[in-house]
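Visitor: Need coordinates for the following:
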Amino acid sequence: MDEMKREEAVEEIKNENERSAVNSEQNYEFITETIKRKPVNKRKVFRKVVLTVILAVVFGVISCITFVYLYPVVNKKVHPDDSTKPVRFESADEEKGNEDAAADKVQEASAENIEKEANGENEADDTPEADDTPGADNVPGADDTNAGAEKKPEEQKEPDILDENIPEVITQVVETVEKDLEIEDYQKLYQQIGDVAKEARRAMVTVTGISANTDWFMNVYENRHTCAGIILAENGKEMLILTRYSVIKTCDSVIVTFCDGKRYDAVLKKSDPNTDMTIVAVDLENISDDTREACKLAELGSTKNSSIDGTPVIAIGDPLGVSESMAMGQITSHTSVKDMTDTNVSLLTTDIYGSSNASGVIINMSGRVLAIITQDGASTDAKNLICGYAISDLKDRLEKLSNGQEIAYLGIVGLDVTEDISNEYDVPVGAYVRQVVIDSPAMDAGIQNGDVIVKLGTTDINSFSDYKDAMLKCQPDDLMMVTVKRKGRMEYVELSYEITLGKLSN
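Guide: Predicted coordinates:
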């Protein structure tokens, strides 16, 4: 009985559990629902679309206006304008050609004058004289005709082509040689020399380098270094000025003061540490019209004439340690040579006593620049005598710097092996390597002291001048085949080195 009751109880419990489960499922059915999408408000959507289109148009217009006004400024900063015309100075060959052409014209003019005079003499010989002709004195107009015949050769005389190249001051001195010179003549002479210097000063500027430093007490102060500069050229965008590199190489900013006293900011361009020269540029757009009219470009002369010794010259710029000073003298020699890395430059020495830290230029009596003042080459016992680098030796170098090109660097100090030296000492003709600069491309490649460079690339080298010219045509990072001859046990042996040229470090 008890067993049956337990089974019934168990059965009742199972049924109760089943009913509870069914009721639980039925209880969850009330949370099921259907989500309906909200109807679209077409008017509101239309308003949003129209507003978006209007904002896009406004944004596009503002973007176009901003682009038009800001693009030139940003483009100028990011991509500087390179539309500059190349700067070119007359080479020594062209100078020689011009001199030869002028000489030919003089010879032609002289030949024509001689021929005309000869023809005139023949006509006079063929024409009977008035005294020998009967009644010649009674011929009307005979005297006028003869007078005209006498004046005709003088009227047809060709002008002297060289007259325009002779400085006025020298002409006047020559004219007064036959008479005694008075005090007024000397005054006039020096006044005219001063006028030449005054006119040449229009091409001179004062370059100031400014650098900021801090003392021990954290006070900021400025250092200013000044030197003379010369206006070399204009490239259509900038005015290019030559000055000393050592004065401004560590400066934070550069200011150029022109002859009218106005100052303009300048930027450092390319430099040549060999000759201590650098080019600074002033934007032409920043220079006023008054300054452009007041200043002028320097006129470069020629120093290739072997008879240049004794030429009267004027030193202008800062030759006496005072800005815009001047001094007069003459060239005493032109044979001294300053040896530098991969080049050498002739020195013009003068008898002008000046500052040991002089800067500026040496000009002739026509106002043409003959030398850039430097005291680096002055001898120890004449350190106050003004000297300078001959301008003809610098023109190609200045042309390269003015056009924004770097100076290629091999790293030798050399000299010529002339035919006489070659025949006497049995040394090959070429560029003799007297010294190899430490850590230079030449040393890294294996070139040694005593080697003779006979070929640079495809260019034959017959002298150190050939080597200089060939190097100026190269660019840094050029891969160059350098052929040298080296002294062996019995004879010179030819060796070739493939060298990547460097850049002349600052």
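Visitor: Now do stretch 372-383, average pLDDT.
Guide: Mean pLDDT, stretch 372-383: 79.
Visitor: which residues sit against that stretch?
Guide: By C-beta atoms under 8 Å, 6 or more residues apart in numbering, the surrounding residues in contact with stretch 372-383 are 228, 230, 242, 275-277, 315, 317, 319, 336, 338, 347, 349, 356-362, 384-389, 391, 394. Just so you know, the C-beta spots here come from the backbone N, C-alpha and C atoms, and that holds for glycine as well.
Visitor: again, but for stretch 470-488
Guide: Residues contacting stretch 470-488 (C-beta under 8 Å, 6+ apart): 342-343, 396-397, 400, 405-410, 428, 430, 433, 442, 445, 447-448, 450-457, 459, 461, 492-503.
Visitor: picking that back up, quick one: which of the contacts of stretch 372-383 sit in helices?
Guide: Of the positions in these, not one sits in helices, assigned by DSSP state H.
Visitor: List buried residues within those residues.
Guide: 228, 230, 242, 275-277, 315, 317, 319, 338, 347, 349, 358-362, 385-389, 391, 394 (16 or more other C-beta atoms under 10 Å).
Visitor: picking up where we left off before, mind giving me the ChimeraX select for the contacts of stretch 470-488, buried ones only?
Guide: Paste this into ChimeraX to select the buried members of these, with burial taken from 16+ other C-beta under 10 Å:
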select :342,343,396,397,400,406,407,408,409,410,428,430,433,442,445,447,451,452,453,454,455,456,461,492,497,499,501,502
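Visitor: now, which of the contacts of stretch 470-488 lie within helices?
Guide: Checking the contacts of stretch 470-488 against DSSP H, those in helices are Asp396, Arg397, Lys400, Ala442, Ala445.
Visitor: Now flag whichever of these is closest to Glu285.
Guide: Lys400 (25.3 Å; C-beta to C-beta).
Visitor: How about the closest one: what's its closest non-neighbour residue?
Guide: What sits nearest to Lys400 in space, not counting adjacent residues and going by C-beta to C-beta, 6 or more residues apart in numbering, is Leu472, at 6.3 Å.
Visitor: Tell me the pLDDT of the one you found.
Guide: On the pLDDT scale, Leu472 gets 92.
Visitor: Count the residues that sit near it.
Guide: 16 (other C-beta atoms under 10 Å).
Visitor: Looking at the chain, which helix is longest?
Guide: Under DSSP H, the chain gives helix 42-78 as its longest helix.
Visitor: I'd like the mean pLDDT over it, please.
Guide: 83.
Visitor: Check stretch 264-274 too.
Guide: 92.
Visitor: All the strands of the stretch 151-300 of the chain, residue numbers only.
Guide: 204-214, 220-234, 238-244, 253-257, 263-272, 277-283 (DSSP state E, counting those that start in this stretch).
Visitor: Need those strands in JSON lines (columns: distance to Asn41).
Guide: Formatted as JSON lines, the strands of the stretch 151-300 of the chain follow (distance: least, C-beta to C-beta, whole Å):
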{"stretch": "strand 204-214", "distance to Asn41": "67"}
{"stretch": "strand 220-234", "distance to Asn41": "67"}
{"stretch": "strand 238-244", "distance to Asn41": "65"}
{"stretch": "strand 253-257", "distance to Asn41": "65"}
{"stretch": "strand 263-272", "distance to Asn41": "64"}
{"stretch": "strand 277-283", "distance to Asn41": "62"}
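Visitor: Kindly compare burial across those and name the winner.
Guide: With neighbours taken as mean count of other C-beta atoms under 10 Å, those reach their highest mean count in strand 238-244, at a mean of 25.
Visitor: what does that strand contact?
Guide: By C-beta under 8 Å, 6+ apart, strand 238-244 touches 84, 87, 205, 207, 227-234, 256, 266, 269, 276-284, 287, 359, 372, 398, 402.
Visitor: which SS class is Gly310?
Guide: Here Gly310 is recorded as coil under DSSP: H, G, I helix; E, B strand; the rest coil.
Visitor: switch to numbering from 118
Guide: All right, first residue 118 from here; so that's Gly427.
Visitor: Low-confidence ranges, the protein, go.
Guide: Residue ranges of the chain with pLDDT under 70: 118-119, 127, 134, 136-153, 193-200, 207-296, 332, 338, 494-495, 622-623.
Visitor: mind giving me the domain split of it?
Guide: 159-192, 206-250+259-278, 429-519, 525-620 (automatic domain parsing).
Visitor: And the residue nearest in space to the middle of the chain, how far from Asp594?
Guide: For the chain, the residue nearest the mean C-alpha position is Ser519 (2.1 Å; C-alpha atoms, centre = their mean). Distance check for Ser519 against Asp594: by C-beta to C-beta, to the nearest Å, it reads 21 Å.
Visitor: Also Asp435?
Guide: 37 Å.
Visitor: Between those two, point out the one with more neighbours.
Guide: In this view Asp435 and Asp594 are compared by other C-beta under 10 Å, and Asp435 has more residues nearby, 24 against 11.
Visitor: and that one, what does it touch?
Guide: Contacts of Asp435 by C-beta under 8 Å, 6+ apart are Cys344, Ala345, Glu441, Ser442, Ser472, Ala475, Ser476, Gly477.
Visitor: any idea which of the residues you listed is closest to Glu541?
Guide: Closest to Glu541, out of all of the contacts of Asp435 and judged by C-beta to C-beta, is Ala475, at 40.6 Å.
Visitor: How about the contacts made by that closest one?
Guide: Ala432, Gly434, Asp435, Pro436, Leu437, Gly438, Ile490, Gln492, Ile503.
Visitor: ok, so of those residues, who is nearest Val178?
Guide: Gly434 (56.7 Å).
Visitor: Just to check, the closest one is in contact with Asn474?
Guide: No - contact criterion C-beta atoms under 8 Å: Gly434 and Asn474 do not qualify, at 11.9 Å.
Visitor: Can you say which of the strands of the stretch 268-417 of the chain is nearest to Arg409?
Guide: Short answer: strand 355-361, nearest of these by C-beta to C-beta, at 8.7 Å.
Visitor: Report the strands that pair with that closest one, each with its relative direction.
Guide: Next to strand 355-361 in the sheet, as set by DSSP bridges, lie strand 337-351 (antiparallel), strand 394-400 (antiparallel).
Visitor: by how many degrees do the shortest one and strand 380-389 diverge?
Guide: Relative orientation of strand 394-400 versus strand 380-389 (axes from the mean of the first three to the mean of the last three C-alpha atoms, to 10 degrees): 140 degrees.
Visitor: Can you show me the CA trace of strand 394-400 as CSV?
Guide: Coordinates of each C-alpha in strand 394-400 appear next as CSV, following Å, rounded to 0.1, in the frame of the first residue of the first chain:
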residue,chain,number,x,y,z
MET,A,394,84.7,84.3,-51.9
THR,A,395,81.0,83.9,-51.7
ILE,A,396,77.9,85.1,-53.5
VAL,A,397,75.1,86.7,-51.6
ALA,A,398,71.8,87.6,-53.3
VAL,A,399,69.2,90.4,-52.8
ASP,A,400,65.8,89.9,-54.3
